[in-house]
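Visitor: below are the sequence and a predicted model for it; my questions follow.
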Amino acid sequence: MNHAVASPPAGPAAASPDPIVVIGAPRTGVRLLAALLDGHVRLASGPELPCLVTILRQWQELEQRLSRNHERHFRVTPQCRHQAFRDIVESLLRPRLLMTGKSRFVIQSFAGVVCPDLFQRMFPSARIVLMLRDPRDVAASLLRCDWRVPGQSRRLPCTTDARLAARLWRDCVGIALDRGRSLIVGGRMAVLRYEDLCRAPDAVLARLARFLGEEPPPARVTRQSAGLVATSLDNPHPALRAGPVAADRVGRWMGDLGTAELAATESITGPLMRALGYAGPAVAAGATSAR
Amino acid sequence: MADEACAQAPVAPLRRAAQRGNPIFVGGVPRSGTTLLRVMLDTHPDIHCGTELRAVDALATLWSACRESVRPPLSEAYALPDPSLRPAFAGLIMAFLRPAWEASGKPRVAEKTPWNLLVFPELRELFPDSALVHVIRDGRDVVASRLDIDRRAAGAGPLDTVARARERALEWVAAMRLRRRMLADPGLAPAYYELRYESLVSDARATLRPLFDFIGVEHDDGVLRYHDIDRNVAGSEEWSAAGVQRPLYASSIGRWRASLDPAELAAVLEVAGPALDELGYLERGDSA
């Protein structure tokens, strides 16, 4: 399968209140983009709501299992069921839109990598953005996170083991591209590299804005947005810096990953990493690590 | 914008009051007589009770999960006016019940799916004015009846009926644990009503009268003619549909005596004996 990164299609989207959905593996810049978009005059974001994906999957499950029964005996059409579940999602998002006086919501969802297609079915005019980042930087970043298993003191395995961090990236990116393939082809989903966003934020945000049908947001994160998007029930996210977008975290793996961690990461992510255009395995090329 | 088919038509005051929050929920372990009660309620001129929706337990469980995941600080970040999410999820369940109910023209709606029972505590919170009706049947008859279905499903394939009898008995015992919770919790008990299958088939009139009082509808002996209505429901959509197309019969009481072999019965009594005893089902010598 060709995993070549698709550029955001040119041309504005139809004006619509349907949300923007930012998905991606952990530590790929999902929160950064959500915070940048939250700085837009029309767009409001918020912390990740894991239950959104749960709601979407329940909707799908009922549709697959009971659609015929519900339509025949309960007069519940697919449209009714869609509207009922959409009302639930909107009941969660609307109060913040009202509070901010903005008109369009930006959903950030790490779990959304498993179902970009469901987001699009729920919100037919939604624009979905998949964040990509070099898996070596993702692994290096995960290994810096102090995330704990909910209710326990031990750390999440993907924050202590480079192999698991690499698998997490591979699985998240793989399923997002698989489930979102037709959306990319159809111009509903764009793939955005964290590295591009950090190195040329103005240009990338301008291009992204055309895909979203909005004016470009400022290429800086406000303190308020940085705090907002990082809010979490369980594990604190590493601080998102307020201020202009910076590229200093691009390529940090070169200093952060040990040789063994790098080799493990590349052995697991190598094929997908190369397909996505990230530089080939550094270990095989003889690169050495500072750690 | 809501689909036109979903839009609510103008309704009379009584119906609006009913819509606000008091559907009747019926549950019980499968093969306990919930379908019999369902068709009786549906025959009542004031109650619509269609076939099994089979979604209330999933939707109530979804509500629990969502409520748990939007507690502070997330609920504050999202400025949720009611972090319990009760109105939204009660509305979601009603969105499934409302279209057929509206079409029935009846002022009350009931929903019977056996495993509604498992979410009675959640339904109590989502619908504070609702009645939660639990149909209880002798666990031995329940297991015997469910084993019949298991045997049919297995066909010529292997089926460890003793192990399966134990599993089914465990499910029945879990339901009886929930019963105890419903009765003991002062927050749950006022909404909870239990009805014995054996009483229903032996003396329906006397059994239904207090139920109708509880759920707030007029007594109506016409419900005993439930079998006169062709509901066009059969097969896997409602296992007991065929059984409720004939007048009441009590021959299914104690059928376990002929259906369960000694090993199966021993397995049932081993796990369900105390609960059967508590409910008065055990007679002298039954547990020997």
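Guide: Thanks, I have it.

Visitor: what does chain B put close to chain A?
Guide: B:2-3, B:5-6, B:50-55, B:58-59, B:62, B:65-66, B:69-71, B:73-74, B:77-81, B:85, B:88-89, B:91-92, B:95-97, B:99-100, B:103, B:233, B:237 (CB under 8 Å from any CB of the partner chain). In this view, the C-beta of every residue, glycine as well, is placed from N, C-alpha and C.

Visitor: buried only: go through these for me.
Guide: For those, a burial check counting by 16 or more other CB atoms under 10 Å in any protein chain shown picks out B:6, B:50-55, B:58-59, B:62, B:66, B:69-70, B:74, B:77-78, B:80, B:85, B:88-89, B:92, B:95-97, B:99-100, B:233.

Visitor: tell me if residue A:130 really is in a helix.
Guide: No. Counting by DSSP: H, G, I helix; E, B strand; the rest coil, one finds residue A:130 to be strand, located in no helix.

Visitor: could you give the bridge partners of it?
Guide: residue A:23, residue A:191 (DSSP bridges).

Visitor: OK, contacts around it?
Guide: Residues counted as contacts of residue A:130 (CB atoms under 8 Å, 6 or more residues apart in numbering or on different chains) are A:23, A:24, A:113, A:116, A:176, A:177, A:180, A:189, A:190, A:191, A:192.

Visitor: correct me if wrong: the third one contacts residue A:175.
Guide: Yes. Distance between residue A:113 and residue A:175: 5.8 Å, which falls inside the contact criterion (CB atoms under 8 Å).

Visitor: neighbours around residue 101, how many?
Guide: The chain I'm using is chain A. With neighbours defined by other CB atoms under 10 Å in any protein chain shown, the count for residue A:101 comes to 9.

Visitor: if you could check chain B rather than the one you did, that'd help
Guide: So residue B:101, with other CB under 10 Å, has 26 neighbours.

Visitor: avg pLDDT for the helix or strand harbouring it?
Guide: Residue B:101 belongs to helix B:86-104 when assigned by DSSP states H and E. When pLDDT is averaged along helix B:86-104, the result is 94.

Visitor: partners of the helix or strand just after it in the sheet?
Guide: Downstream of helix B:86-104, the next assigned helix or strand under DSSP H and E is strand B:108-112. With DSSP bridges as the test, strand B:108-112 is paired with strand B:24-27 (parallel), strand B:47-49 (parallel).

Visitor: which residue lies farthest from the center of the chain?
Guide: Reading this off chain A. residue A:73 (39.2 Å; CA atoms, centre = their mean).

Visitor: actually chain B
Guide: Most distant from the centre of chain B: residue B:77, at 38.1 Å, with distances by CA atoms, centre = their mean.

Visitor: that one: what's it in contact with?
Guide: Contacts for residue B:77 were tallied using CB under 8 Å, 6+ apart; they are A:46, A:47, A:96, A:228, A:231.

Visitor: excluding chain neighbours, what is closest to the last one?
Guide: Going back to what we said before, that points to residue A:231. Leaving aside its sequence neighbours, residue A:231 sits nearest to residue A:47 (CB to CB, 6 or more residues apart in numbering or on different chains; 3.8 Å).

Visitor: burial measure for the one you found, as a count.
Guide: Neighbour count for residue A:47, taken as other CB under 10 Å: 22.

Visitor: just to check, it is in contact with residue B:74?
Guide: Yes. In this structure residue A:47 lies within contact range of residue B:74 using CB under 8 Å: 5.6 Å.

Visitor: overlap in contacts, the two.
Guide: residue A:231.

Visitor: for chain B, give me its nearest residue in the stretch 101-250 of chain A.
Guide: Using CB to the nearest CB, residue A:231 is the residue of the stretch 101-250 of chain A that sits closest to chain B, at 4.9 Å.

Visitor: what's the spacing between that residue and residue A:44?
Guide: 14 Å (CB to CB, to the nearest Å).

Visitor: what ranges do the helices span in the stretch 151-291 of chain A?
Guide: Taking DSSP state H, counting those that start in this stretch to define them, one finds helices in the stretch 151-291 of chain A at A:162-185, A:194-199, A:201-212, A:223-229, A:253-256, A:259-275.

Visitor: what residues does the fourth one touch?
Guide: What that stands for is helix A:223-229. Contacts for helix A:223-229 (CB under 8 Å, 6+ apart): A:31, A:34-36, A:38-39, A:45-47, A:108, A:239-242, B:77.

Visitor: let's go with 6 Å and repeat that
Guide: Helix A:223-229 is contacted from outside by A:31, A:34, A:35, A:38, A:39, A:45, A:240, A:242, using CB atoms under 6 Å, 6 or more residues apart in numbering or on different chains.

Visitor: if we can go back for a sec, just curious, which of the contacts of residue B:77 is nearest to residue B:207?
Guide: residue A:96 (51.0 Å; CB to CB).
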